[in-house]
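>>> generate a structure from the sequence data that follows.
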Amino acid sequence: MKKLLTLFFVLVALVVFSGISYADENGATVAECIEKSKQAAEMILQDKDAALAEISKKDGKFVWKDSYVFVMDLKGKMLAHPMMPGLMKMKSLLSTPDKNPKDPKMLFVEFVVVAGTQGEGWVEYMWPKPGSTAPRVKETYIRRIPGTSMFTGAGIYR
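Sure, this is the predicted structure:
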């Protein structure tokens, strides 16, 4: 009986660890999104202009695997976005829905609400993965930058 229990725990551990390494190799993780958002916020507090320029680079340090960091303000203005720079040209994104054709969600409004009321949190919506046009379920971590009207975000695709 003891050998069976040991074998069971070894098999469970293998399944868990193989799942973690699969996620790490193929897509951004929750921990990476949180950490990259924190790093971007710290960089903005040190030098806003340089940080926004770096975050806007498609080949910059805030783009990794299948994810990226973006920066917005509480008025709904996109300040930095490496994958869709056209979003930065719009005055406000608050009236822009996600890419769900059946039930569009006002994702940018939700980002602002989370940043403005909670300071940090997760928002789920539909958005295309970089390099694709087909929408997929995405969960984005939103983090308010202390002492500012800005927030960072980074997400994972499901």
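
>>> going forward, measure contacts and count neighbours with C-alpha atoms only.
Will do.

>>> pLDDT weak spots in the protein?
Scanning the chain for pLDDT under 70 picks out the ranges 1-25.

>>> OK, contacts around the spatially closest residue to Ser95 that is not a sequence neighbour?
Closest residue to Ser95 apart from its sequence neighbours, by CA to CA, 6 or more residues apart in numbering: Met106 at 6.9 Å. Each residue near Met106 by CA atoms under 8 Å, 6 or more residues apart in numbering is listed here: Leu94, Ser95, Thr96, Pro97, Asp98.

>>> quick check, Ile44 in contact with Ile55.
No: Ile44 lies out of contact with Ile55 (CA atoms under 8 Å); the separation is 9.6 Å.

>>> who has more neighbours out of these two?
Comparing Ile44 with Ile55 by other CA atoms under 10 Å, the one with more neighbours is Ile55, at 25 against 21.

>>> quick one: contacts for the more buried one?
Ile55 makes contacts with Ala40, Lys61, Phe62, Val63, Val69, Phe70, Val71, Ala80, His81, Pro82, as judged by CA under 8 Å, 6+ apart.

>>> quick check: the farthest pair among those?
Pairwise distances across these peak at 14.2 Å for Lys61 and Val71 (criterion: CA to CA).

>>> ok, Val114 - contacts?
Glu120, Gly121, Trp122, Ile142.

>>> spatially central residue for this structure, please.
Ala154 (1.6 Å; CA atoms, centre = their mean).

>>> any idea how far Asp103 is from the residue lying closest to it once chain neighbours are set aside?
Closest residue to Ala154 apart from its sequence neighbours, by CA to CA, 6+ apart: Val69 at 4.6 Å. Distance from Val69 to Asp103, counting by CA to CA, to the nearest Å: 25 Å.

>>> and for Thr117?
25 Å.

>>> quick one, helices of this protein?
Shown for the chain, the helices assigned by DSSP state H span residues 2-26, 30-46, 48-55, 107-113.

>>> which residues sit against the last one?
With contact meaning CA under 8 Å, 6+ apart, helix 107-113 is reached by 73-76, 93-98, 123-125, 142.
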